[in-house]
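Visitor: Provided below for reference: sequence and predicted model.
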Amino acid sequence: MRRGLARLLPGKKIVGVWHDWPKSFPNSEADVKAFLIGAQVLGVKRRAKVLLIELDSKYSLVIHLKMTGQLVYRANDDSERFGAGHPSDSLVGELPDKSTRVIFDLADGESAAKGGRLFFNDQRKFGWVRLIPTLEVPNIDFFQKVGPEPLGADFTPKDFIGRLNKRPKSNIKAVLLDQTIIAGVGNIYADESLFAAKIHPLTPVSDVGDRQKELLFHELRRILELSIQKGGSSDRNYVDAEGKKGSYLTFAQVFRRDGQPCPRCAATISKTRVAGRGTHTCPNCQKLTE
DNA sequence: CACTTGACCTGTCCGC
DNA sequence: TGCGGACAGGTCAAGT
């Protein structure tokens, strides 16, 4: 998502905004007028699952898509539309639709006619867009507590093991999902990485050996890299900035494959509930008692 | 404290 | 076909 937006947005100027649901965009109209309208996009960053669109007004648009959020750009001139609208790779048709919560009107820095609109769609209304002074972004509660980036160049197996070990009695899946331990791992990548490392999701962290934790570190990073390469995981709602689905789930080994044979041993993949989340495992490859 | 559950929302699917 | 309930990629607050 960040990469797509980073190709489309820098240099564009925000000339208007529409929003209906207050929780989707809680800022006041005064802030919008002072720090959003007329501002130009400098760049698009990401930390954990949060997107940051940096503006030249010293403010940033801070965005969390949660479960069903989408951020889709549509150029006013159809020639800039990159194939959005193809039924095979697009989940979104005409916009706005009934899930649209916020619309940003954008003008191109060079020629105003070449602008477009950025749609924030969110069926379940859990996600949000907030306008925050760029210098204060690192101080918001979430960023104060969130753990390191699993793909960070300076993130080592030793760091990973040390952070997991802060919750020795919890089950390993709950700890992987805890954003204060490691940033950015959600339900899909937790299940996939535990399967790859042959660890049962209910295993207490203290019962997982260091060798297995190190294997989990490498498998998690491999899976995240693969998913980025495949454009992410479109289970139901996720699309990229051009409205296209990601294809990672066609490579997933266990997620949403309950009832199907395990690709490693052909045992039937099962689905249970761990840490309050649907959890997919191979009962043969992932044994609880080591 | 650490850990679990409920809440936030809408839409879809499944069983009766 | 209608209806109730469970469930869905995430995070917080409130409960135990």
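Guide: Thanks, I have it.
Visitor: in chain A, where's the longest helix?
Guide: Longest helix in chain A by number of residues, with DSSP state H as the criterion: helix A:210-229.
Visitor: show me what it is packed up against.
Guide: helix A:157-164, helix A:187-196 (3 or more C-beta pairs under 8 Å, 6 or more residues apart in numbering; DSSP states H and E). Quick note: C-beta positions are derived from backbone N, CA and C, even for glycine.
Visitor: show me the shaky parts of the stretch 101-250 of chain A.
Guide: A:110-112 (pLDDT under 70).
Visitor: show me what from it comes close to DNA strand C.
Guide: Counting by C-beta under 7 Å from any atom of the strand, the residues of the stretch 101-250 of chain A close to DNA strand C are A:124, A:126, A:141-142, A:145, A:177, A:179, A:186-188, A:232-238, A:246.
Visitor: now, of those, which are buried?
Guide: A:177, A:187-188, A:232-235, A:237-238, A:246 (16 or more other C-beta atoms under 10 Å).
Visitor: ok, for the most centrally placed residue in chain A, nearest residue in space, not its chain neighbours?
Guide: For chain A, A:Lys49 is the residue whose C-alpha lies nearest the centre (C-alpha atoms, centre = their mean; 4.6 Å). Spatial nearest neighbour of A:Lys49, chain neighbours left out: A:Gly184 (5.7 Å); criterion: C-beta to C-beta, 6 or more residues apart in numbering.
Visitor: state the distance spanning the first to the last residue of stretch A:179-198.
Guide: 22 Å (C-alpha to C-alpha, to the nearest Å).
Visitor: do that stretch and DNA strand B meet?
Guide: No. Stretch A:179-198 lies apart from DNA strand B when judged by C-beta under 7 Å from any atom of the strand; the minimum separation is 9.7 Å.
Visitor: how about that stretch: buried residues?
Guide: Buried, per 16+ other C-beta under 10 Å, within stretch A:179-198: A:181-185, A:187-198.
Visitor: how near is the nearest residue to A:Leu220 once chain neighbours are set aside to A:Asp56?
Guide: Nearest non-adjacent residue to A:Leu220, counting by C-beta to C-beta, 6+ apart: A:Ser193, 4.0 Å away. Distance of A:Ser193 to A:Asp56, computed by C-beta to C-beta, to the nearest Å: 39 Å.
Visitor: can you check A:Thr100 too?
Guide: 26 Å.
Visitor: more neighbours, these two?
Guide: A:Thr100 (20 against 12; other C-beta atoms under 10 Å).
Visitor: got the contact list for the more buried one?
Guide: A:Thr100 makes contact with A:119-121 under the criterion C-beta atoms under 8 Å, 6 or more residues apart in numbering.
Visitor: pLDDT of stretch A:47-63, averaged?
Guide: For stretch A:47-63, mean pLDDT is 98.
Visitor: start and end of it, how far apart?
Guide: End-to-end for stretch A:47-63, by C-alpha to C-alpha: 10 Å.
Visitor: ok, that stretch near DNA strand C or not?
Guide: Yes. Using C-beta under 7 Å from any atom of the strand, stretch A:47-63 reaches DNA strand C at A:48-49.
Visitor: got it, and stretch A:64-75?
Guide: Yes. Using C-beta under 7 Å from any atom of the strand, stretch A:64-75 comes into contact with DNA strand C via A:64, A:66-68.
Visitor: returning to that earlier point: now, which of the residues of the stretch 101-250 of chain A next to DNA strand C lie within strands?
Guide: Judged by DSSP state E, strands contain none of those.
Visitor: residue in the stretch 51-200 of chain A with the shortest distance to DNA strand C?
Guide: Nearest residue of the stretch 51-200 of chain A to DNA strand C: A:Gly186, at 2.1 Å (C-beta to the nearest atom of the strand).
Visitor: now do the helices in chain A.
Guide: A:2-8, A:29-31, A:141-145, A:157-164, A:172-177, A:187-196, A:210-229.
Visitor: got the CA coordinates for the longest one in PDB?
Guide: The one in question is helix A:210-229. What follows is helix A:210-229, C-alpha atoms only, in PDB (Å, rounded to 0.1, in the frame of the first residue of the first chain):
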ATOM      1  CA  ASP A 210      15.900 -21.100  21.000                       C
ATOM      2  CA  ARG A 211      16.500 -23.000  17.700                       C
ATOM      3  CA  GLN A 212      12.800 -23.000  17.000                       C
ATOM      4  CA  LYS A 213      12.500 -19.300  17.900                       C
ATOM      5  CA  GLU A 214      15.400 -18.500  15.500                       C
ATOM      6  CA  LEU A 215      13.700 -20.600  12.800                       C
ATOM      7  CA  LEU A 216      10.500 -18.700  13.500                       C
ATOM      8  CA  PHE A 217      12.400 -15.400  13.000                       C
ATOM      9  CA  HIS A 218      13.600 -16.400   9.600                       C
ATOM     10  CA  GLU A 219      10.300 -17.900   8.500                       C
ATOM     11  CA  LEU A 220       8.400 -14.800   9.600                       C
ATOM     12  CA  ARG A 221      10.700 -12.500   7.600                       C
ATOM     13  CA  ARG A 222      10.700 -14.800   4.600                       C
ATOM     14  CA  ILE A 223       6.800 -14.800   4.600                       C
ATOM     15  CA  LEU A 224       6.500 -11.000   5.100                       C
ATOM     16  CA  GLU A 225       9.000 -10.400   2.200                       C
ATOM     17  CA  LEU A 226       7.000 -12.900   0.000                       C
ATOM     18  CA  SER A 227       3.700 -11.200   0.800                       C
ATOM     19  CA  ILE A 228       5.000  -7.700   0.000                       C
ATOM     20  CA  GLN A 229       6.400  -9.100  -3.300                       C
END
